[in-house]
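A.B. asks: quick one, structure for this:
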Amino acid sequence: MGRPAHKPDPVTRRQVEALAGYGVPEIDIAGVIGIDPKTLRKHYREELKYGHVKANAKVAENLFRKATGDGRESVIAAIFWMKTRAGWKETTVHETEVRHQVVVRMPPPVRDVDEWMRLYAPKQGSPGLANPHRPKLLTVAYRRD
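C.D. replies: Numbering: from 1, shown residues only. As a prediction, this is how the structure comes out:
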């Protein structure tokens, strides 16, 4: 033979509602009453739900009062309210310092334009046969903000 069937009474219903309203986990409420958590949910579904709703309403009422009041607590409460109820999100700022090393290859210094023309300028009549080892000139614009 197993346990006798559980029969809820008004006192137990009020007790379940109060414990649920204080945030006591269902497994602990079931332990206080002496029943299995499944039995608790089966017989006291409304009391569990109503206890949670009453507690949430009381907390929301106090939070609203603080959020619409004055002082430091009101700012914190208002921010919390806006995050949870109005969809506010904190923005994250990522700061990164990037250092680049730029290598610029320049031709060796020349004494005058004639020397440069002799060494690096394309030869007349054969633009494709210019000095293959001549350095490519590179213009580097470096901007620092």
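A.B. asks: show me where the protein has its helices.
C.D. replies: 10-21, 26-33, 37-67, 72-85, 113-120 (DSSP state H).
A.B. asks: tell me which residues touch residue 76, please.
C.D. replies: With contacts defined as Cβ atoms under 8 Å, 6 or more residues apart in numbering, residue 76 has no neighbours. No exception for glycine: its C-beta is placed from N, CA and C like everyone else's.
A.B. asks: distance of it from residue 58?
C.D. replies: Using Cβ to Cβ, to the nearest Å, we find residue 76 at a distance of 19 Å from residue 58.
A.B. asks: quick check: residue 39 touching residue 30?
C.D. replies: Yes. With contact defined as Cβ atoms under 8 Å, residue 39 reaches residue 30; the gap is 7.1 Å.
A.B. asks: who has more neighbours, these two?
C.D. replies: residue 30 (19 against 16; other Cβ atoms under 10 Å).
A.B. asks: so that one touches residue 43, yeah?
C.D. replies: No. Applying Cβ under 8 Å, one finds residue 30 not in contact with residue 43, separated by 10.4 Å.
A.B. asks: quick revisit: which stretch among the helices of the chain comes nearest residue 92?
C.D. replies: helix 72-85 (14.2 Å; Cβ to Cβ).
A.B. asks: okay, buried residues for stretch 42-53 please.
C.D. replies: 43-44, 47-48, 50-51 (16 or more other Cβ atoms under 10 Å).
A.B. asks: now pLDDT too, for those residues, in JSON lines please.
C.D. replies: Putting these into JSON lines (pLDDT from 0 to 100) gives the following:
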{"residue": "43", "pLDDT": "95"}
{"residue": "44", "pLDDT": "96"}
{"residue": "47", "pLDDT": "95"}
{"residue": "48", "pLDDT": "95"}
{"residue": "50", "pLDDT": "94"}
{"residue": "51", "pLDDT": "93"}
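A.B. asks: would you list those residues in CSV and tack on distance to residue 23?
C.D. replies: Formatted as CSV, the buried residues of stretch 42-53 follow (distance: Cβ to Cβ, whole Å):
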residue, distance to residue 23
43, 20
44, 16
47, 14
48, 12
50, 14
51, 9
